[in-house]
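Build me a model:
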Amino acid sequence: MPDAAPYNPSAIIGSDLPRIDGPLKTTGAAQYAADFHFPGLVHAVAVSSTVASATIRSIDTSAAEKMPGVVLVLHHGNIKNGKAGPLYRMAPGGHGGRTSEARPPLEDQTVRYWGQYVALVVAETLEQAQTAASAVEVEYEANPVNVATELNDEQSDELPLHTESKRGDVEAAFASAPVKVDETYVTPAETHNPMEMHATVAVWDGKGFTLYETSQGVVNAQHVMAETLGMPRENVQVITRFLGSGFGGKLFPWPHSALAAAAARQLDRPVKLSVNRKQMFMNVGHRPRTQQHMKLAATPDGKLVSLHHDYRNHTNLGDDIRENCGEATPFLYSTPNLLVTSALVRRNVGTPTPMRGPGAVPGLYALESAMDELAIKLKMDPVEFRLKNDTLTDESQNKPFSSRHYKECLQLGAEKFGWADRTPEIGSMRKEGRKEGDDDIILGWGMAGASWGAFRGPCQTSVALLNDGTARVSCGTQDVGTGTYTIFAQIVSDRTGIAVHKIRVVIGDSALPPGPTSGGSTATATVLPAIADATDNAIKVAIATAISTTGSPFHGKTTDSLAFSEGRVHIKTQAASTGMPYEQILKMADVQAANGEGNSGAINSDPKARGFSTHSFGAQFVEVEWDPGIARLRVSRVVSVIDGGRIINHKTAANQILGAVVMGVGMGMLEETIYDHRNGLPINCNFADYMVATHADSPQIDVHFLNYPDPILGEYGARGIGEIGLAGVAPAMTAAVYHATGIRVRELPIRIEDLLASTVSV
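Down below sits the predicted model:
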């Protein structure tokens, strides 16, 4: 299939349209999960274990139950006795939903990680519940704890070595190659830290539940909670009107949701349960620690001949969560010999879960770091080395890419960054002296490639063109802060000509036509075809109404002779201004709305798509400033170039990349969840000790989109971009650090003590 040309933005598609939900958020009118309050609502506080590996001997709740305001205390010994439980596991292949932990809360007496919920206290006020929760006494029989950071465990029948991709003979090619890299790269456990913490408000009406959730997938949450609570799916409604970010941590329901619902069912009262910041480090997922062994080999002229990527990641004791670090390795560069292998190791930690760019982001840190090291050994420019090994074929599947402009990303990024001015010698570049001391600052320049899969799932939407001149579009998806509300309105406006401010977007409710989870950078590509289909079907109804209505200027006309644009029905060969506003036609026909339903299928259900490999690509260029006199390192400048298909809203898209780059600064320099090896406690479980990038850490960021529509992804040719902005940032940073200091950092985050060994001085 021939590639599409770059797309020039219109007044609607590709414009810098402000978010339509912005006024609600800035005025405080937007309601997040914990903002909902109902008559008779009570507050729940979960009791967390103070050991990471143990058997519960006994739980004494007598003191807590006698405290003022306490109305319920649940634990493994009584949750099945009343209406609260039991809480069930998900059946394989059941409703098609995905949960976070396979084990329901309070299922047994086994403690698998520090902070695991062992009881729930419900009281009239939050303060009463907190006080009573602290009075619950739990006696444990402790077991040995394993939170070791080395992931060299021997493989077993339970957790065997897994071959993910293979071609050629990597060992023979590596052994005979003249230029090689053989190194191990490590990324730490990272914890999602959205400003909005997880919360559930559960309302039980005697027959079913309404759950106000912090969810990145209301339909998935409905499926999971129905099975967990033992209810028909139609008796569970999940609502997420707004989300204060999730970064993957809110993709799947966590145990607190089921506990809140169980308590509401027991008490016949609404229950609110909010996870506190400390519990965010234990009970709602994290990016697992990875250890990745890379063996790369090339010819003297820079052609890759062998690539072996072997990785390990930790998981918990009850769930096999693979980080998929080898996702991009098989196809990003051309090489005849490739092997990707992986294995899991168990630790006494909470369940890992996707975190922005799961798999590919830590995987690309290892791959792109090794590529930089190999380029240096070859005495080749890192950009030139990548260009030399570019390919238009996914060699792992022997398929062409639907659209791949990685080469242009590298070239445009180099141009915008000023890469031609780079001198390759370590410590050879200085900051131009604009103020005193600038000449003492050493600059380091580094770059890395980026990739992320391009996906499209099934979706249904409804569009109504109303007789008051407005429109309504609805879907059971959600906006996690990325601009989904706005994109819905843009597509309806693009196809009808109705002004965006006259379009009401209704999402965030599982009772609506089923839509996608907001994860994996799939939501936009998934909803666009369904919105377009629903809008076109609503237009057909409006045109049919114009044809069939007595008194209409189009009465008796044929469908093929009419068009709908600028909010009017008109003769196809005439300007829209000569037609009649559709709302007048509907009123003339005594019709309240022209309704249309729309569907889109998963990309793998499209026969023409099966012949292509679908991915997005990008390049990250990073400048760091190193002041050896005071041992100060700072990321000062980033240029990010993204090949993400057609960009629907430039403003919200750029915001996604800006935020991802700042998150990349945190990944590269700051973030690490540290577990106490003695007891498994995440010891830096707060914002004071767990460092995330702030405004003060943010560099100058220059974002560019190539804007090539991907014809395989649908009519609009858009691919998701939420994750790819983070991919490649950390390895570009460590490459820049090496250029400035001569120190090669292979374990994140970069630490100042690592750089003190630098011999580079001013």
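
Residue 559 contacts residue 546, doesn't it?
No - using C-beta atoms under 8 Å, residue 559 is not in contact with residue 546; the gap is 9.7 Å. Every residue, glycine included, has its C-beta placed from N, CA and C.

Looking at those two now, which is surrounded by more residues?
Using other C-beta atoms under 10 Å as the criterion, residue 559 and residue 546 rank with residue 546 on top: 27 against 11.

Next secondary structure element downstream of the host helix or strand of that one?
Per DSSP states H and E: residue 546 is located in helix 523-548. Downstream of helix 523-548, the next assigned helix or strand under DSSP H and E is strand 562-565.

Note down every partner strand of that next one and its orientation.
strand 568-571 (antiparallel) (DSSP bridges).

Quick one: residues contacting the residue lying closest to residue 570 once chain neighbours are set aside.
Nearest residue to residue 570, sequence neighbours excluded (C-beta to C-beta, 6 or more residues apart in numbering): residue 579, at 2.6 Å. Taking C-beta atoms under 8 Å, 6 or more residues apart in numbering, we find residue 579 in contact with 568, 569, 570, 571.

Repeat that for residue 239.
Taking C-beta under 8 Å, 6+ apart, one finds 210, 211, 212, 213, 218, 508, 509, 510 in contact with residue 239.

count of neighbours near the fifth one?
This means residue 218. 27.

and what of residue 463?
32.

repeat for residue 106
Neighbours of residue 106 (other C-beta under 10 Å): 27.

For it, report the pLDDT, please.
Looking at residue 106, its pLDDT reads 98.

and if you look at residue 508?
For residue 508, pLDDT reads 98.

Pull the contacting residues for it.
Residue 508 sits next to 218, 239, 240, 241, 242, 477, 478, 479 when contact means C-beta under 8 Å, 6+ apart.

Out of these, grab the one that's most surrounded.
Compared across those, residue 478 has the highest neighbour count, 33 neighbours, by other C-beta under 10 Å.

what's the domain layout of the protein?
Following automatic domain parsing, one gets these domains for the chain: 1-30+408-451+609-762, 457-601.

I'd like those as a markdown table, with distance to residue 108 appended.
Shown next, in a markdown table, are these (distance: least, C-beta to C-beta, whole Å):
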| stretch | distance to residue 108 |
| --- | --- |
| domain 1-30+408-451+609-762 | 18 |
| domain 457-601 | 29 |
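
about what we covered before: buried stuff in the helix holding residue 546?
For helix 523-548, burial by neighbour count (16 or more other C-beta atoms under 10 Å) applies to 523-535, 537-539, 541-543, 545-547.

low-scoring pLDDT stretches of the stretch 601-750 of the chain, where are they?
Applying pLDDT under 70 to the stretch 601-750 of the chain picks out no residues at all.

Just among the contacts of residue 579, which is most surrounded?
residue 569 (25 neighbours).

what residues are up against the closest residue to that residue other than its chain neighbours?
Leaving aside its sequence neighbours, residue 569 sits nearest to residue 546 (C-beta to C-beta, 6+ apart; 4.7 Å). Applying C-beta under 8 Å, 6+ apart, we find residue 546 in contact with 552, 553, 554, 555, 557, 562, 569, 580, 582, 585.

ok, the fifth one - how many residues close by?
Applying the criterion other C-beta under 10 Å, we find 16 residues in the vicinity of residue 557.

Also the first one?
By the criterion of other C-beta under 10 Å, residue 552 has 18 neighbours.

what does residue 561 give?
12.

Then residue 29?
Residues near residue 29, counting by other C-beta under 10 Å: 10.

And residue 490, by the same measure?
For residue 490, the neighbour count with other C-beta under 10 Å is 27.

Next, the angle from the helix or strand it falls within to helix 523-548.
Following DSSP H and E, one finds residue 490 within helix 484-496. Per axes from the mean of the first three to the mean of the last three C-alpha atoms, to 10 degrees, the angle that helix 484-496 makes with helix 523-548 is 40 degrees.

Please export the alpha-carbon coordinates of helix 484-496; CSV is fine.
Output in CSV follows, covering the C-alpha atoms of helix 484-496 (Å, rounded to 0.1, in the frame of the first residue of the first chain):
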residue,chain,number,x,y,z
THR,A,484,-10.6,12.4,24.5
TYR,A,485,-13.7,14.6,25.1
THR,A,486,-12.3,17.1,22.6
ILE,A,487,-11.5,14.6,19.9
PHE,A,488,-15.0,13.2,20.0
ALA,A,489,-16.4,16.7,19.3
GLN,A,490,-13.8,17.3,16.6
ILE,A,491,-14.8,14.3,14.5
VAL,A,492,-18.5,15.1,14.7
SER,A,493,-17.8,18.7,13.8
ASP,A,494,-15.5,17.7,11.0
ARG,A,495,-18.2,15.6,9.4
THR,A,496,-21.3,17.8,10.0
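
average model confidence for the helix holding residue 546?
Here the average pLDDT along helix 523-548 is 98.

can you check stretch 64-83 too?
96.

Report the buried residues of that stretch.
Under the neighbour-count criterion of 16+ other C-beta under 10 Å, stretch 64-83 has 64, 67, 69, 70, 71, 72, 73, 74, 75, 76, 78, 79 buried.

Make TSV out of those residues and add secondary structure.
What follows is the buried residues of stretch 64-83, written out as TSV (DSSP: H, G, I helix; E, B strand; the rest coil):
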residue	secondary structure
64	helix
67	coil
69	coil
70	strand
71	strand
72	strand
73	strand
74	strand
75	strand
76	coil
78	coil
79	coil
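
farthest pair in those?
69 and 76 (23.7 Å; C-beta to C-beta).

next one: phi and psi at residue 694?
When read as degrees, to the nearest 10, the backbone of residue 694 gives phi -120, psi -180.

Pull the contacting residues for the residue nearest to residue 681 when sequence neighbours are not counted.
Leaving aside its chain neighbours, residue 681 sits nearest to residue 114 (4.9 Å; criterion: C-beta to C-beta, 6+ apart). Residue 114 is in contact with 48, 49, 50, 51, 52, 282, 348, 675, 679, 680, 681, 682, counting by C-beta under 8 Å, 6+ apart.

which of those residues count as buried?
Counted by 16+ other C-beta under 10 Å, those give 48, 49, 51, 52, 282, 348, 675, 679, 680, 681, 682 as buried.

Just the element for the fourth one, please.
Assigning secondary structure by DSSP H and E places residue 52 outside every helix and strand.

Would you tell me what helix or strand the nearest residue to it once chain neighbours are set aside is located in?
Once flanking residues are discounted, residue 52 sits nearest to residue 680: 2.6 Å by C-beta to C-beta, 6+ apart. Residue 680 belongs to no helix or strand when assigned by DSSP H and E.

Same question for residue 684.
Residue 684 belongs to no helix or strand, assigned by DSSP H and E.

doesn't residue 674 make contact with it?
Yes - counting by C-beta under 8 Å, residue 674 is a contact partner of residue 684 at 5.2 Å.
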